[in-house]
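S.K.: Model the following, please.
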Amino acid sequence: MDSGTSARAPELAGFQRRHLRALAHPLRPLVQVGAGGASASVLAAVNAALGDHELVKVRLREPADKRTLARALAEGSGSALCGVVGHTVILYRPHPERPRIELPTRPRSSGGG
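M.R.: Have a look, this model is predicted:
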């Protein structure tokens, strides 16, 4: 746990990940990952961004394996991987004392009756 965080990644249901992806849609990537991958400095930047914002986008620059790199970023930062869209990773970690994002507790009904 040398990444500076001892928090466990939040367990999210599919509908909660979908909700977070929708919230992340208008956001701009706050961290960019280059050829060095998930280095200590990249993980420090991701941790700082998650501490400030809870929900962040991370831009991957020509990764060899974007899914593996996305999982490494999530594990290294103690965050939940909400999705990979193109070369952009969406990560979520609630603030330990003052969470700002309220997650739905059940899926929205799709209507119809």
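S.K.: List the buried residues of stretch 67-75.
M.R.: 69-70, 72-74 (16 or more other Cβ atoms under 10 Å). Where C-beta positions appear, they are placed from N, C-alpha and C, glycine not excepted.
S.K.: among the residues you listed, which are in helices?
M.R.: Applying DSSP state H to those, the entries found in helices are 69-70, 72-74.
S.K.: Among the buried residues of stretch 67-75, which one lies nearest to Val42?
M.R.: Here the nearest of the buried residues of stretch 67-75 to Val42, counting by Cβ to Cβ, is Leu73; it sits at 7.6 Å.
S.K.: Test my guess that the closest one contacts Leu91.
M.R.: Yes: at 6.5 Å, Leu73 and Leu91 qualify as touching, with contact defined as Cβ atoms under 8 Å.
S.K.: Pick out whichever of the buried residues of stretch 67-75 sits closest to Arg98.
M.R.: When the buried residues of stretch 67-75 are compared for distance to Arg98 (Cβ to Cβ), Ala74 wins out at 21.8 Å.
S.K.: Return the per-residue confidence for that closest one.
M.R.: As predicted, Ala74 sits at a pLDDT of 96.
S.K.: For the nearest residue to it once chain neighbours are set aside, grab phi and psi.
M.R.: Nearest residue to Ala74, sequence neighbours excluded (Cβ to Cβ, 6 or more residues apart in numbering): Leu81, at 4.0 Å. Main-chain dihedrals, Leu81, degrees, to the nearest 10: phi -80, psi 110.
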